[in-house]
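Peer 1: Here you go, sequence then predicted model.
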Amino acid sequence: MKKKTVRTGIVGAGFSASFHFEALRKVHGTDVEVVGVHTPDRAGGEAYAAKRGIRYFDALDALLDEVEAIHVCTPPMFHEPIAVAGLNGDKFVICEKPLTGYFGDGSADFHWERADMNVARGEALASLRRILDAEQSSKGKLLYAENWVYAPAIQKEREILEKTGGQILWIHGEEAHSGSHSVDYAYAARCGGGVLIGKGCHPLTAALYLKRVEGRARDGRPIRPRAVSARTHALTRLPGFRDEGHIRRDYYDIEDFSAIHVEFDDGSIADLFASDIVLGGIHNWLEVMANNHRTICNINPNTAMQTYNPVEENFADVYVVEKIGTKQGWACTSPDEDWFTGYPQEIEAFYRSIAYGEPIESDSGLAADAISTIYSAYVSAQQAGAATTVAPY
């Protein structure tokens with residue numbers, strides 16, 4: 001069968017735009033032509049384009065006119081207008097996580113800790129509804145770029161659930177490291193909150209996904225979140241925090257620790273942590289306790305490869321693993337970090353869907369459940385952890 005060619009464009013020129021481009025180079029099920037990139041930052045966009053041999057577009061509409069799909073790789077505050085513009089133009093929209101959120105009241109002195117989380121949830125769900133309505137009216141589709149869903153360990157657990165009919169009783173997991181490198185991340189008004197949404201979306205969405213898989217495999221319908229309890233803390237903004245220089249602490253108004261407890265509509269549970277206070281590299285894992293098996297998904301780090309380096313300078317030009325503080329001593333050096341975290345598998349699946357109509361695992365429904373659960377968790381946290389119903393959307 002002759003491969004189809006899909007013309008695509010990238011919106012944004014930062015960290016996520018870089019690894020999206022690298023994942024596009026690995027797509028093999030169809031041919032992908034990256035037409036160009038758009039960002040309001042002309043200098044950054046032109047540099048990104050020149051490095052990759054693509055065109056820079058100074059207007060989103062101009063890029064949309066020449067492509068079938070776009071990658072939304074911007075700060076979350078811009079996701080909705082870009083996604084809606086793409087869907088209104090009947091494009092396939094690959095959107096980074098989180099899909100959308102609440103980005104403040106527009107005031108210059110907006111501060112997350114003074115915000116009403118019921119208002120935040122209402123605004124986030126209204127944004128979500130606008131995106132879903134645009135998708136409903138579009139010939140295109142929203143493809144939710146949650147790489148944890150496509151991580152090999154999570155997909156193997158999917159296979160186990162589908163083949164054994166297992167019942168998940170408890171999931172717990174975590175995403176953590178020593179702090180994001182993004183300037184925008186320090187401000188809730190740009191990213192929709194702090195670590196709960198910025199990192200917590202990953203293990204949460206994986207847990208929501210596996211419960212969907214379980215329900216469909218056994219009963220033909222997804223098992224969805226019913227209620228959530230949460231606590232959040234800004235530990236590096238405590239007056240007594242002792243800064244040793246290893247953990248980022250220049251956040252304006254966001255939390256750097258979160259713990260959420262999710263109750264599903266079948267009574268099963270999940271406990272998920274996210275933080276910016278963990279040293280030693282990325283700490284991404286999910287554990288599943290089922291009635292017929294137990295699975296530990298070590299996404300990053302894992303022991304596929306381990307190295308011992310006695311002298312820091314020896315590995316000066318060797319990439320070890322994301323966010324590692326030192327290359328000296330023992331390390332879980334990743335032979336292919338992107339593969340273990342699901343990035344190329346995710347993009348491959350999306351382009352097979354765009355070209356040939358194949359089904360995807362991470363869609364707008366999963367993204368919507370994640371946003372509703374996250375902002376219900378923020379409501380709970382503002383009420384000192386009170387159980388809160390996951391709001392409909």
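Peer 2: It's in.

Peer 1: Quickly list what Thr295 is bridged to.
Peer 2: Val288 (DSSP bridges).

Peer 1: Could I get the contacting residues of it?
Peer 2: By CB atoms under 8 Å, 6 or more residues apart in numbering, the contact list for Thr295 reads 153, 156-157, 160, 287-288. For glycine as for every other residue, the C-beta is placed from the backbone atoms N, C-alpha and C.

Peer 1: Let's see the pLDDT reported for it.
Peer 2: Thr295 carries a pLDDT value of 98.

Peer 1: How much space separates it from Glu157?
Peer 2: With distances taken as CB to CB, to the nearest Å, Thr295 is found 5 Å from Glu157.

Peer 1: overlap in contacts of those two?
Peer 2: Val288.

Peer 1: Need the phi and psi values for the closest residue to Ile324 other than its chain neighbours.
Peer 2: Nearest non-adjacent residue to Ile324, counting by CB to CB, 6 or more residues apart in numbering: Gly281, 4.2 Å away. Taking degrees, to the nearest 10, you get phi 100, psi 180 for the backbone angles of Gly281.

Peer 1: okay, now Gly281: neighbour count?
Peer 2: 21 (other CB atoms under 10 Å).

Peer 1: next one: His111
Peer 2: 13.

Peer 1: The residue nearest to it when sequence neighbours are not counted and Arg114, how far apart?
Peer 2: Nearest residue to His111, sequence neighbours excluded (CB to CB, 6+ apart): Asp253, at 4.7 Å. Asp253 sits 9 Å away from Arg114, taking CB to CB as the criterion.

Peer 1: more crowded one of the two?
Peer 2: Between Asp253 and Arg114, counted using other CB under 10 Å, the more crowded position is Asp253 (19 against 8).

Peer 1: ok, the more buried one - contacts?
Peer 2: Contact partners of Asp253, counting by CB under 8 Å, 6+ apart, are 111-113, 187-188, 194.

Peer 1: Just among those residues, which is most surrounded?
Peer 2: Gly194 (29 neighbours).

Peer 1: how far away is that residue from Val262?
Peer 2: For Gly194 relative to Val262 (CB to CB), the value is 18 Å.

Peer 1: Restricted to strands, list the contacts of Asp253.
Peer 2: If you go by DSSP state E, those have nothing in strands.

Peer 1: Closest one of those residues to Gly45?
Peer 2: Tyr187 (22.0 Å; CB to CB).

Peer 1: give the contact list for that closest one.
Peer 2: Contact analysis of Tyr187 by CB under 8 Å, 6+ apart lists 252-254.

Peer 1: Serialize those residues to CSV and add fields for distance to Gly198, pLDDT and secondary structure.
Peer 2: As requested, the contacts of Tyr187 are exported to CSV (distance: CB to CB, whole Å; pLDDT from 0 to 100; DSSP: H, G, I helix; E, B strand; the rest coil):
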residue, distance to Gly198, pLDDT, secondary structure
Tyr252, 14, 97, coil
Asp253, 13, 97, coil
Ile254, 8, 98, coil
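
Peer 1: What segments of the chain are helices?
Peer 2: For the chain, applying DSSP state H gives helices covering 15-24, 42-52, 60-64, 79-88, 117-136, 147-150, 152-164, 188-191, 195-198, 201-219, 337-341, 343-356, 364-382.

Peer 1: Most tightly packed of those helices?
Peer 2: Comparing those by mean neighbour count (mean count of other CB atoms under 10 Å), helix 195-198 ranks first with a mean of 28.

Peer 1: quick one: average confidence on stretch 221-232?
Peer 2: On average, the pLDDT along stretch 221-232 is 98.

Peer 1: How far off centre is that stretch?
Peer 2: 17 Å (CA atoms, centre = their mean, to the nearest Å).

Peer 1: Could you list the low-pLDDT ranges of the protein?
Peer 2: Within the chain, the segments meeting pLDDT under 70 span 1.

Peer 1: Domain parsing of it, as residue ranges.
Peer 2: Following automatic domain parsing, the chain resolves into domains at 5-145, 147-337+362-389.

Peer 1: distance between the last one and the chain's centre?
Peer 2: Its chain's C-alpha centre lies 9 Å from the corresponding centre of domain 147-337+362-389 when counted by CA atoms, centre = their mean.

Peer 1: From start to finish, how long is that domain in a straight line?
Peer 2: Domain 147-337+362-389 has an end-to-end distance of 27 Å (CA to CA, to the nearest Å).

Peer 1: again with the first one
Peer 2: Distance between the boundary residues of domain 5-145 (CA to CA) amounts to 21 Å.

Peer 1: can you give me how far that domain is from the chain middle?
Peer 2: On CA atoms, centre = their mean, the centre of domain 5-145 falls 13 Å from that of its chain.

Peer 1: my guess is Asp256 meets Ile277, correct?
Peer 2: Yes - with contact defined as CB atoms under 8 Å, Asp256 counts as touching Ile277 (6.0 Å).

Peer 1: any shared contact partners between the two?
Peer 2: The contact lists of Asp256 and Ile277 share 235-236, where a contact means CB under 8 Å, 6+ apart.

Peer 1: With neighbour numbers in mind, choose between the two.
Peer 2: Each of Asp256 and Ile277 has its neighbours counted (other CB under 10 Å); Asp256 has more, 26 against 19.

Peer 1: where's the residue nearest to that one when sequence neighbours are not counted relative to Thr100, distance?
Peer 2: Residue nearest to Asp256 in three dimensions, not counting chain neighbours: Asp276, with 4.1 Å by CB to CB, 6+ apart. Using CB to CB, one obtains 22 Å as the distance from Asp276 to Thr100.

Peer 1: and what of Gln306?
Peer 2: Here Gln306 is placed at a distance of 39 Å from Thr100 (CB to CB).

Peer 1: of those two, who's got more company?
Peer 2: Thr100 (28 against 11).

Peer 1: got the buried residues for stretch 305-325?
Peer 2: By neighbour count on 16 or more other CB atoms under 10 Å, the buried set for stretch 305-325 is 309, 315, 320-321, 323-324.
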